[in-house]
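Asks: structure for the following, please:
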Amino acid sequence: MKIAATAFEAQEGMMVTSANEVILRVNHAFTVITGFSADEVVGKRPDILHSGRHDQAFFDQIDQELLASGHWQGEVWNKRRDGEVFPVWLSISVVKDSQGKLTHHVATFFDITQRKLDEAKIHELAFYDSLTLLPNRRLLQDRLQQALATSERSGRMGAVLFIDLDHFKTLDRKSTR
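Replies: Purely as a prediction, here's the structure:
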């Protein structure tokens, strides 16, 4: 019991729900990450965290996977107590009794906001000029490849207009004084 209690207070947010998805318990990390205290969520449904970014079909797919395999994991956008929408990596496991009847769900999650910000910065550095913030040659090539693939599939033709700016980086000394 001591080991289980220690594991429950891990760095990841944890939530235990009943079979009919009523929150029974959350850990301290849950409170830190979401801003909701245990008193505010115990007895409620996990949809208190729903951000509105996922439709019912998304949650139905999670339920189907839980029924089929007993676990699900993936990226979900949740909502903090203050209304801020944020991404988490969520893992849900089904707990069954000795007769195989569903008794609980255990969800663990961690905030991946920083990871998403880092991904966006990497994308910006890869596809946009750092000085002008204009799309760079790599983004042009990527979009051209996408357009060519679309053209191949649809059988439709397209056109490209390319404007070259000669001596773009050359500065006029008279105009900078």
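
Asks: going forward, measure contacts and count neighbours with C-alpha atoms only.
Replies: OK.

Asks: model confidence over stretch 85-101, on average?
Replies: Averaged across stretch 85-101, the pLDDT comes to 95.

Asks: list the buried ones in it?
Replies: Under the neighbour-count criterion of 16 or more other CA atoms under 10 Å, stretch 85-101 has 85-95 buried.

Asks: now flag whichever of those residues is closest to Leu67.
Replies: Nearest to Leu67 out of the buried residues of stretch 85-101 is Val94 (CA to CA; 8.4 Å).

Asks: how about the secondary structure of the closest one?
Replies: Under DSSP: H, G, I helix; E, B strand; the rest coil, Val94 falls in the strand class.

Asks: that one contacts Gly100, correct?
Replies: No: applying CA atoms under 8 Å as the test, Val94 and Gly100 come out as separate, 10.5 Å apart.

Asks: please tell me how far Ile48 sits from Asn27.
Replies: 16 Å (CA to CA, to the nearest Å).

Asks: same question but for Ser98, I mixed them up
Replies: Counting by CA to CA, the gap from Ser98 to Asn27 is 26 Å.

Asks: again, but for Ala38
Replies: In terms of CA to CA, Ala38 sits 8 Å off from Asn27.

Asks: look at these two and report which has more neighbours.
Replies: Asn27 (21 against 17; other CA atoms under 10 Å).

Asks: good, we can wrap up now.
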